[in-house]
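Novice: structure, please.
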Amino acid sequence: MNVLSLCLTFLLLTLTSDLQYLDRVCQKDQQLCQAYHGPLVKLYAEFAPKKLLPFLKSSIHYPLQRAMEECEVRGLIPEQVYLLGE
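Specialist: Below you'll find the model as predicted:
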């Protein structure tokens, strides 16, 4: 394994750990993590797409355009339909 592979692996583990932490915080108290809802959209879209639609439905504290872009890039059609109705 080269240095680049190790760095990418570390970055991926860090992002998934951040997602798990923020996911748990938001489940307990959504108001506490409102400032992170934008980044959470990206993390859910990338690492936990099945959790994205429920998250979008439960929050209004994410940038709508950025959420749409994340869904378009990843082909998340039900999420795009929901966002278009917003």
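Novice: what residue ranges in this structure score low on pLDDT?
Specialist: 1-17 (pLDDT under 70).
Novice: show residues contacting stretch 79-86.
Specialist: Residues from elsewhere that reach stretch 79-86, judged by C-beta atoms under 8 Å, 6 or more residues apart in numbering: Ala45, Pro49, Leu52, Leu53, Leu56, Lys57, Leu64, Ala67, Met68, Cys71, Glu72. For glycine as for every other residue, the C-beta is placed from the backbone atoms N, C-alpha and C.
Novice: no wait, stretch 58-69
Specialist: 30, 34-35, 37-38, 40-42, 56, 79-80, 83-84, 86.
Novice: next one: stretch 32-52
Specialist: Counting by C-beta under 8 Å, 6+ apart, 15-16, 18-19, 22-23, 25-26, 55-56, 59, 61-63, 66-67, 70-71, 73-74, 76, 79 sit against stretch 32-52.
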